[in-house]
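**Q** dropping the sequence and predicted coords here.
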Amino acid sequence: MNLAVILVIAAVLALGIILSLAVTRSLQARGSANLAATIRPIDVEAFRNLINPAEDDYLRRRLPPAQFRLVRRARLRAMAAYVQVAGRNATVLARVGESALASGDPRVAEAAQQLVNHALLLRRNSTVALARIYIALAYPNSGFAALRVVDRYEQLSSSAMLLGRLQNPAAAVRLFRS
């Protein structure tokens, strides 16, 4: 029984990695014209509310078990949507950073390298977080922590803003929804 569970988890993780690679390849095939326009802002406060363990504890105490599982699954699907958008934004910003690496200005090149590093880390974290979300959808009473995705997204945002200010002070990249 334990071996079967381990194999299922490994298969889900492998599927997540394969899908992530497929999405990455399809994004690389698209043209690089106006990459910043493809970024979708995220409401970080709403995302933080969804991943807050205190909110889940509150709902667990206040709702009957069957209703809690329904609400928890709906919240997990919303989390997955946020994580997918964050991962897509990270992919776009990694490409923006890669194109800015060739800049002659060492400050721009350094900011671009920092942006690429943060974007790659966020992409990895979002893939892992999606796998954990999909496992939690099967077991809604289990715990979940996507705080790293939100924190990495905020780091990525500040790196993108820095690079944007260095390249073009008049137009900055907007990753948060106000």
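**A** That came in fine, so what should we check first?
**Q** got a list of contacts for the helix or strand that contains residue 157?
**A** Take DSSP states H and E as the rule and residue 157 turns out to sit in helix 147-167. Residues external to helix 147-167 that are found in contact with it (C-beta atoms under 8 Å, 6 or more residues apart in numbering): 36, 42, 44, 47-48, 51, 83, 86, 89-90, 93, 96-97, 100, 103, 105, 107-108, 111-112, 114-115, 118-119, 121-122, 125-126, 129, 171-173, 175-176. For every residue, glycine as well, the C-beta is placed using N, CA and C.
**Q** which among those count as buried?
**A** Neighbour counting with 16 or more other C-beta atoms under 10 Å marks 42, 44, 47-48, 51, 83, 86, 89-90, 93, 96-97, 100, 103, 108, 111-112, 114-115, 118-119, 122, 125-126, 129, 173, 175 as buried within the contacts of helix 147-167.
**Q** just the helices in the chain please.
**A** For the chain, the helices defined by DSSP state H occupy 2-29, 44-51, 53-62, 65-100, 106-138, 147-167.
**Q** gap between the fifth one and the chain center?
**A** So the one you mean is helix 106-138. Its chain's C-alpha centre and that of helix 106-138 lie 6 Å apart, by C-alpha atoms, centre = their mean, to the nearest Å.
**Q** what does the longest one give?
**A** On the basis of C-alpha atoms, centre = their mean, helix 65-100 sits 5 Å off its chain's mean C-alpha point.
**Q** mind listing what the residue nearest the centre of the chain touches?
**A** The chain has residue 86 as the residue nearest its centroid, 3.3 Å off, counting by C-alpha atoms, centre = their mean. By C-beta under 8 Å, 6+ apart, the contact list for residue 86 reads 42, 122, 126, 149, 153.
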